[in-house]
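Student: build me a structure from this.
(one chain, ligands or ions: 1)
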Amino acid sequence: MIIFVAVNKRDYIIVGLGLAGIAFCEALEKAGKSYLVFDKGLDGASSVAAGLYNPVILKRYTLPWKAIEQFDLAIPYYQNLEKKLGINFMTEMPVRKVFSSVEDQNNWFAASDKPLLERFVFPKLVGNENEYIKAPYAYGEVQETGRVAIKKLQEHYQKYLASKDAYLNESFIHSNIAFTENTVIYNEYEASRIVFAEGYGVKQNPFFSALPLVGNKGEYVIIKASKLNLSAAIKTSFFVVPLGDDLYKVGATFNWTDKDTSPSEEARDELIEKMATLLSCDYEIVDQVAGMRPTTGDRRALLGIHPKYKQLALLNGLGTRGIMASPLLAQYLFNHLENGKELLDEIDIKRVLSKL
Ligand SMILES: Cc1cc2nc3c(=O)[nH]c(=O)nc-3n(C[C@H](O)[C@H](O)[C@H](O)COP(=O)(O)OP(=O)(O)OC[C@H]3O[C@@H](n4cnc5c(N)ncnc54)[C@H](O)[C@@H]3O)c2cc1C
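Tutor: Now for the predicted structure:
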């Protein structure tokens, strides 16, 4: 007979401290629930992302799924986190789209008239006064945009959790889970539920790896350009995002086939070629980073409870816009797990359960 000795009880175990894990911790804290987080080294998409929040899809001039709900929840959520952690990780920063033609400008004006978009799409052209940027057709500016320094947030959140004995910097080994009727036991810990917020790491999770999380690799180069002097993020077919100290994150690439998370020469060459179309100043590439966006074929998140093990839940599929999506998705999952509120069909893993 196997006897499990769990000495340390929590309401929840959370695996992953990316944007999804942090948002779920916050939902639990609000409700006074206890939890323990495992993360093997903050090496997911969140730590790589440039951290822009921008409610407008600039390719199509549309808003993402539930954009207004996401946005109106996310901004105060991050502001409160800044206060709680006693740090500053949010910077308001205009996002300027480079126009490539008069037709492009006209499409912008049309977008600025559309309901919901008019809040964000500034209805005037913004001239380019930077001699090192090639933008002869001027810019369109999105309003209420900015940047979250996600890695800084993660590192401080990790310290905050460690100070209350709620963080373990180690790999979670799925095969060590033991099930009782209503709880899970993991080493010396017992919890009512485990929430997996592993991003693309879910591919190593035997309970959920078969779900259709595709993963899209993205890479940035970080350049030092002392003459560029930008305070806005610039968007063409890629972004140039000011980081301070003359450093800029440039990218990202999109690659559906390469599943290796290390930086590649191919992406670096692609970005160098693209930069030549926009920048006319000297720069030096000082770093390159790569990460896997946790994306799905239908561009919707994957939330829900495992069909066989009711103690296991999933918070994944945040896609390309995790900053805005994570607080709302975490709230949906929390309400589902704690209050039995049905998940919206389009984000519920029930839509893809035949894959498990
Ligand atoms: C190049 C790039 C640029 C992006 N730019 C933006 C942007 O500007 N704005 C925006 O909103 N979004 C952006 N995104 C998307 C955003 O990064 C993601 O939507 C979001 O970070 C996903 O968060 P997550 O918590 O689900 O996953 P992750 O951030 O990947 O976090 C998962 C965590 O789980 C941990 N983990 C996994 N398995 C285990 C295990 N077995 N044991 C312990 N720990 C484990 C990992 O260490 C990791 O820290 C970008 C993504 C990429 C790749």
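Student: ok, residue 313 - contacts?
Tutor: 193-196, 303-306, 333, 337 (C-beta atoms under 8 Å, 6 or more residues apart in numbering). C-beta coordinates here come from the backbone N, C-alpha and C atoms, glycine included.
Student: so for residue 346, what's the nearest residue that isn't a sequence neighbour?
Tutor: Spatially, and ignoring its direct neighbours in sequence, residue 346 is nearest to residue 300 (4.9 Å; C-beta to C-beta, 6 or more residues apart in numbering).
Student: then residue 79?
Tutor: residue 90 (6.9 Å).
Student: likewise residue 96?
Tutor: In space, and not counting its chain neighbours, residue 96 is closest to residue 139: 3.9 Å by C-beta to C-beta, 6+ apart.
Student: so what sits opposite that neighbour in the bridge?
Tutor: residue 98, residue 126 (DSSP bridges).
Student: isn't it right up against residue 126?
Tutor: Yes: counting by C-beta atoms under 8 Å, residue 139 sits close enough to residue 126 to count as a contact (4.5 Å).
Student: and the residue nearest to residue 79, how close does it get to the ligand?
Tutor: Distance from residue 90 to the ligand, counting by C-beta to the nearest ligand atom, to the nearest Å: 13 Å.
Student: count of neighbours near that residue?
Tutor: 20 (other C-beta atoms under 10 Å).
Student: with residue 62 instead?
Tutor: Count around residue 62 with other C-beta under 10 Å applied: 13.
Student: over to the one 10 residues further on?
Tutor: A total of 13 residues lie near residue 72 under the criterion other C-beta under 10 Å.
Student: which SS class is it?
Tutor: The local conformation at residue 72, judged by DSSP: H, G, I helix; E, B strand; the rest coil, is helix.
Student: quick one: it from the ligand, how far?
Tutor: Residue 72 is 16 Å from the ligand, by C-beta to the nearest ligand atom.
Student: contacts only, for residue 301.
Tutor: Contacts of residue 301 (C-beta under 8 Å, 6+ apart): 315-319, 325, 329, 347.
Student: ok, and the closest non-adjacent residue to residue 31?
Tutor: residue 338 (6.7 Å).
Student: who in the stretch 51-200 of the chain is up against the ligand?
Tutor: 51-53, 171-172, 197-200 (C-beta under 6 Å from any ligand atom).
Student: nearest residue to residue 299 in space, please, no chain neighbours.
Tutor: Closest to residue 299 by C-beta to C-beta, 6+ apart is residue 319, at 6.1 Å.
Student: per-residue confidence at the one you found?
Tutor: Each residue has a pLDDT score; the one for residue 319 is 95.
Student: surely it meets residue 293?
Tutor: Yes: judged on C-beta under 8 Å, residue 319 makes contact with residue 293 at a distance of 6.3 Å.
Student: highest neighbour count among the contacts of residue 301?
Tutor: Counting neighbours by other C-beta under 10 Å, the top entry in these is residue 315, with 31 neighbours.
Student: I'd like the average pLDDT over the one helix or strand it maps to.
Tutor: Assigned by DSSP states H and E, residue 315 belongs to strand 312-316. In this model, strand 312-316 has an average pLDDT of 98.
Student: what's the burial count for the residue nearest to residue 31?
Tutor: Quick note: residue 338 (other C-beta under 10 Å) scores 14 neighbours.
Student: give me the phi and psi angles of it.
Tutor: The phi/psi pair for residue 338 (degrees, to the nearest 10) reads phi -90, psi -30.
Student: with residue 255 instead?
Tutor: According to degrees, to the nearest 10, residue 255 has phi -140, psi 120.
Student: in contact with residue 349, which residues?
Tutor: For residue 349, the contact set (C-beta under 8 Å, 6+ apart) comprises 211, 302-305, 314.
Student: same deal with residue 292?
Tutor: Residues in contact with residue 292 (C-beta under 8 Å, 6+ apart) are 44-45, 199-200, 215-218, 259, 261.
Student: on that earlier part again, list just the nearest of the contacts of residue 349 to residue 57.
Tutor: residue 302 (20.7 Å; C-beta to C-beta).
Student: out of the contacts of residue 301, which two sit at the greatest distance?
Tutor: Going by C-beta to C-beta, the pair spanning the contacts of residue 301 furthest: 315 and 319, at 12.8 Å.
Student: that's a strand at residue 135, yeah?
Tutor: No: using three-state DSSP, the secondary structure at residue 135 is coil, not a strand.
Student: and the residue found closest to it once you drop the neighbours it is linked to in the chain, what is it in contact with?
Tutor: In space, and not counting its chain neighbours, residue 135 is closest to residue 128: 4.0 Å by C-beta to C-beta, 6+ apart. Counting by C-beta under 8 Å, 6+ apart, residue 128 touches 135-136, 138-139.
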